[in-house]
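> Need a 3D model of the following:
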Amino acid sequence: MINIVFFGTPDIGLPSLEHFYNSDKFNVQAVVTQPDKPSGRGHKLTPSPIKKFALEHDIKIFQPKSIRKEPEIIEALKELKPDFFVTFAFGQILSQEVLDIPKYETINLHVSLLPKYRGANPIQRAIINGDKETGICTMITELGLDCGDICMKYPIEITKNMNCVELFELCASNSPELLEKTLIGIKDGTLKPTPQCEDGVCFADKLKKEECKIDWTKSADEIHNLVRGVYKCPGAFFEYNGKIIKVLETEPLETTNDNGVQIGEFANFSKQGIDVKTGNGYLRLIKIKPEGKGEMLARDWANGIKH
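Predicted structure coming up:
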């Protein structure tokens, strides 16, 4: 049986943790996750999804504020004598001392086909940039940013209307098998990691709120990709009469009943939605969320603003 410690925080890592826990090939000795954080209107301290799973299944839990600065946790991890550390969206940088603890390696699951999209938001950036394919890969964790040797890759198609939540789910559901094959392959000596090619390196920088404001001078396709890439959180938006309107679903159009409008103006209202003129083509708003209101069809919102 392979002994592992699982490092993770958001729910994208849950299928992998659950897979390891239920497998007769692995023993989850502990999880390491971020400290509880305030959430909701009452700012109540809330555990991460990974911690919730560990609590429900009586798995040892470590919650360092900064693992590099907490020697007592590092010593406790050393005492476990794990075969592998598995990191998946943990949210902290590990020191070399921590990386050296496992018998074999510290393996990271990254949600892109490295060396493309190293960094914080690879799923969102792939969609925003209009990529037709991304994927997941396992890698040897090193001190640099997502620069370790690649173990295995699994490509995932990005369809025309797929949003970031749907892509997150695909990445999450395909990760357990890739991680299992990686750990077994390294332990058995049948898998030989390969260095990343520096020629294809690009970075997926953390999203800024101002990036999510729709620039109507861009093409309909570009705005459509932004809407899909930042779906709901934080969400693409525009302002109308001083209110923020989040855009949740769109469709690029080549033509519509223009009526001579300017870029950024509503060109046509129909049962299908609101067509907006862009720098190249038209964008149909199908589903939106006006400030202070719930999600609604754009056509229903249009009925309100026209009266």
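> Make sure Lys103 is indeed in a strand.
No - with DSSP: H, G, I helix; E, B strand; the rest coil as the criterion, Lys103 is coil rather than part of a strand.
> Is it correct that it is in contact with Pro82?
Yes - using Cβ atoms under 8 Å, Lys103 is in contact with Pro82, at 7.0 Å. All C-beta spots, glycine's among them, are computed from the backbone N, C-alpha and C.
> More neighbours: which of those two?
Between Lys103 and Pro82, Pro82 has the larger neighbour count (other Cβ atoms under 10 Å), namely 23 against 11.
> quick one: contacts for that one?
Neighbouring residues of Pro82 by Cβ atoms under 8 Å, 6 or more residues apart in numbering: Asn3, Ile4, Val5, Gln29, Ile101, Pro102, Lys103.
> Show me the shaky parts of the chain.
306-307 (pLDDT under 70).
> tell me the domain ranges of it?
Domain assignment of the chain by automatic domain parsing yields the ranges 2-204, 209-305.
> Tell me the residues that contact both of Lys103 and Pro82, please.
Common neighbours of Lys103 and Pro82, counting by Cβ under 8 Å, 6+ apart, are absent.
> Work out for me the element Gln168 sits within.
No, residue 168 isn't Gln; it's Phe. Using DSSP states H and E, Phe168 falls within helix 164-188.
> Go through that helix and flag the buried ones.
164, 166-168, 170-172, 174-176, 178-183, 185-186 (16 or more other Cβ atoms under 10 Å).
> What of stretch 274-281?
Quick answer for stretch 274-281 (16+ other Cβ under 10 Å): Ile274, Asp275, Val276, Lys277, Thr278, Gly281.
> now swap in stretch 217-236 and tell me
For stretch 217-236, the neighbour count (16+ other Cβ under 10 Å) marks 218, 220, 222-231, 235-236 as buried.
> and Leu226, which of the three is it?
Secondary structure assignment for Leu226 (three-state DSSP): helix.
> Please report how far it lies from Ile214.
7 Å (Cβ to Cβ, to the nearest Å).
> So for those two, which residues contact both of them?
Residues touching both Leu226 and Ile214 by Cβ under 8 Å, 6+ apart: Ala236.
> what helices or strands is the helix holding Phe168 leaning on?
Using 3 or more Cβ pairs under 8 Å, 6 or more residues apart in numbering; DSSP states H and E, the elements in contact with helix 164-188 are strand 2-8, helix 14-22, strand 84-88, strand 105-110, helix 122-128, strand 133-140, strand 150-157.
> residues in contact with Lys132?
Listed by Cβ under 8 Å, 6+ apart, the contact partners of Lys132 are Glu157, Ile158.
> 10 Å - rerun?
Lys132 makes contact with Ala126, Glu157, Ile158, Thr159, Lys160 under the criterion Cβ atoms under 10 Å, 6 or more residues apart in numbering.
> again, but for Leu285
Shown in contact with Leu285 (Cβ under 10 Å, 6+ apart): 227, 238, 245, 247-251, 266, 272-276, 297-299, 301-302.
> how does it look with 6 Å?
Val247, Thr250, Gly273, Ile274, Ala298 (Cβ atoms under 6 Å, 6 or more residues apart in numbering).
> quick one: what helix or strand has it in it?
Using DSSP H and E, Leu285 sits within strand 282-290.
> Please identify the pairing partners of that strand and their relative orientation?
Here strand 282-290 is paired, per DSSP bridges, with strand 243-253 (antiparallel), strand 273-277 (antiparallel), strand 296-297 (antiparallel).
> picking up where we left off before, can you tell me which of the buried residues of stretch 274-281 is nearest Ala120?
Closest approach between the buried residues of stretch 274-281 and Ala120, by Cβ to Cβ: Thr278, at 28.3 Å.
> So what does the closest one look like in phi/psi?
Backbone torsions of Thr278, given as degrees, to the nearest 10, read phi -120, psi -180.
> Help me confirm that it comes into contact with Glu222.
No - Thr278 lies out of contact with Glu222 (Cβ atoms under 6 Å); the separation is 8.1 Å.
> which non-adjacent residue is nearest Lys206?
Among residues not flanking Lys206 along the chain, Ala120 sits closest, at 4.3 Å (Cβ to Cβ, 6 or more residues apart in numbering).
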